[in-house]
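J.: no sequence on this one, just coordinates:
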Ligand code: ITT
């Protein structure tokens, strides 16, 4: 029988996210097997990623009978000139107007500031409470769509650490080193390491 202590579930329908997280686990937490569960948890419309993440995790409580699991909620925030939009509406905006639509919105402005944020919520057996880990990465919006790696808004986000490339022009490993998700996941990995 499989020792379930050595497995942790990442509940996500987004395989790109899973691959990024899988790479971090492979590198930094070899004794744990990461498994993807696509359960389509409830996503409420709220003002903050933290609230969305909290409800997303809670909605899984009666659907996963045993083992530890986590979810992630991420968003793309164009601080200037869009005051943080699309933020918690990122999924909807990506599906409707996409990267081209975003670039059209900010075309009249010469400068931009943006960030990605990630909130990871973990239920870790046998501890009966939720744990949260957060990460952000700051940058700007590219004037054009560039690169073919990554997903979502990656082709239009230029991180401050690598100012001549979008997230879609760097490797998964490079993205993980500086990204919102990489930062949140490193904290989760440290948390699990201390408790196993
Ligand atoms: P889940 O099943 O894990 O919820 P999702 O694709 O619905 O996956 P989110 O709600 O967390 O993901 O993310 C909202 C949107 O933000 C998502 O549709 C992506 O387009 C975008 N996004 C999130 N993380 C990103 C990243 O690292 N790079 C580019 N775009 C990202």
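T.: Ah, there it is. Everything numeric in this text was worked out from a predicted model, so none of it was measured.

J.: check what pLDDT the residue in the chain positioned nearest to the ligand gets.
T.: Closest residue of the chain to the ligand, Cβ to the nearest ligand atom: residue 152 (2.4 Å). To be clear about C-beta, it is placed using only N, CA and C from the backbone, and glycine gets the same treatment. Among the per-residue scores, residue 152 shows a pLDDT of 98.

J.: next up, the contacts around residue 23.
T.: Counting by Cβ atoms under 8 Å, 6 or more residues apart in numbering, residue 23 touches 172, 173, 176.

J.: I'd like the distance between the first one and residue 154.
T.: Taking Cβ to Cβ, to the nearest Å as the measure, residue 172 falls 10 Å from residue 154.

J.: which of the two has more residues huddled nearby?
T.: Using other Cβ atoms under 10 Å, the more surrounded residue of residue 172 and residue 154 is residue 154, with 23 against 17.

J.: how near is that one to residue 175?
T.: Distance, residue 154 to residue 175, by Cβ to Cβ: 8 Å.

J.: any residues in contact with both of these two?
T.: residue 167.

J.: isn't residue 145 right up against residue 99?
T.: Yes - look at residue 145 against residue 99 with Cβ atoms under 8 Å: they come within range, at 5.3 Å.

J.: what residues are shared contacts of the two?
T.: Common neighbours of residue 145 and residue 99 (criterion: Cβ under 8 Å, 6+ apart): 155, 156.

J.: so those two - more neighbours on which side?
T.: With neighbours defined as other Cβ under 10 Å, residue 145 and residue 99 compare such that residue 99 has more, 22 against 17.

J.: so what's the more buried one up against?
T.: Residues near residue 99 by Cβ under 8 Å, 6+ apart: 145, 153, 155, 156.

J.: got any ranges where this protein has weak pLDDT?
T.: In the predicted model of the chain, residues 1-5 satisfy pLDDT under 70.

J.: residues in it within reach of the ligand, list them.
T.: 12-14, 17, 72-76, 90-91, 94, 116, 150-154, 167, 179, 181 (Cβ under 6 Å from any ligand atom).

J.: now the helices for the chain?
T.: For the chain, helices defined by DSSP state H occupy the ranges 15-28, 49-58, 90-96, 98-106, 172-178, 180-195.

J.: ok, the residue nearest to the residue of the chain closest to the ligand when sequence neighbours are not counted - contacts?
T.: The shortest distance from residue 152 to any residue other than its chain neighbours is 5.7 Å, reached at residue 94 (Cβ to Cβ, 6 or more residues apart in numbering). Residue 94 makes contact with 86, 152, 153 under the criterion Cβ under 8 Å, 6+ apart.
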